[in-house]
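Peer 1: compute the structure for the input listed below.
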Amino acid sequence: MLKRVAATDLILAVHTPAKAIDFANAGLTVRAIDYQNLASLTTAFTGGDVLIYVASLTYDRVARIRELENVITAAEATGVQSIVAM
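Peer 2: Okay, here's the model as predicted:
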């Protein structure tokens, strides 16, 4: 993606920011999220236009549905125009 978009135009929302230090060092904005916490998602998605959503692997089915609902709610609240689900 960095071949097509400037690092300063990307926001990387991750569960563990310490694991994304190389991305931060490359100029990307790194924000902490918790898929089960709507406020963290809303904060992280602010300023974004396109969201690439990668579901977590750690939740049961009910929590996974809540996760997706939270992602969609936060994306709508912050004006994200497109969601790409992986």
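Peer 1: for I33, which residues are in contact?
Peer 2: 13-15, 40-41, 44 (C-beta atoms under 8 Å, 6 or more residues apart in numbering). No exception for glycine: its C-beta is placed from N, CA and C like everyone else's.
Peer 1: for stretch 70-86, which positions count as buried?
Peer 2: For stretch 70-86, a neighbour-count test (16 or more other C-beta atoms under 10 Å) marks 70-71, 74-75, 78, 80 as buried.
Peer 1: if we can go back for a sec, got the contacts of I33 as CSV, with pLDDT columns?
Peer 2: Shown next, in CSV, are those (pLDDT from 0 to 100):
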residue, pLDDT
A13, 95
V14, 94
H15, 92
S40, 97
L41, 97
A44, 96
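Peer 1: just the buried ones from those residues?
Peer 2: The neighbour count (16+ other C-beta under 10 Å) marks 13-14, 40-41, 44 as buried among the contacts of I33.
Peer 1: tell me which two of the residues you listed sit farthest apart.
Peer 2: Spatially, the most separated pair among the buried ones among the contacts of I33 is V14 and L41, at 12.0 Å (C-beta to C-beta).
Peer 1: can you classify I83 as helix, strand or coil?
Peer 2: Put simply, I83 is strand when judged by DSSP: H, G, I helix; E, B strand; the rest coil.
Peer 1: A85 reaches A55, doesn't it?
Peer 2: Yes - at 7.5 Å, A85 counts as touching A55 under the criterion of C-beta atoms under 8 Å.
Peer 1: any weak-confidence spans in this protein?
Peer 2: Across the chain, nothing is flagged by pLDDT under 70.
Peer 1: looking at it, which helix is longest?
Peer 2: When the chain is parsed with DSSP state H, its longest helix is helix 61-78.
Peer 1: just read off the phi/psi values of the closest residue to V80 other than its chain neighbours.
Peer 2: Spatial nearest neighbour of V80, excluding adjacent residues (C-beta to C-beta, 6 or more residues apart in numbering): L51 at 4.9 Å. Torsion angles at L51 (phi, psi; degrees, to the nearest 10) stand at phi -110, psi 120.
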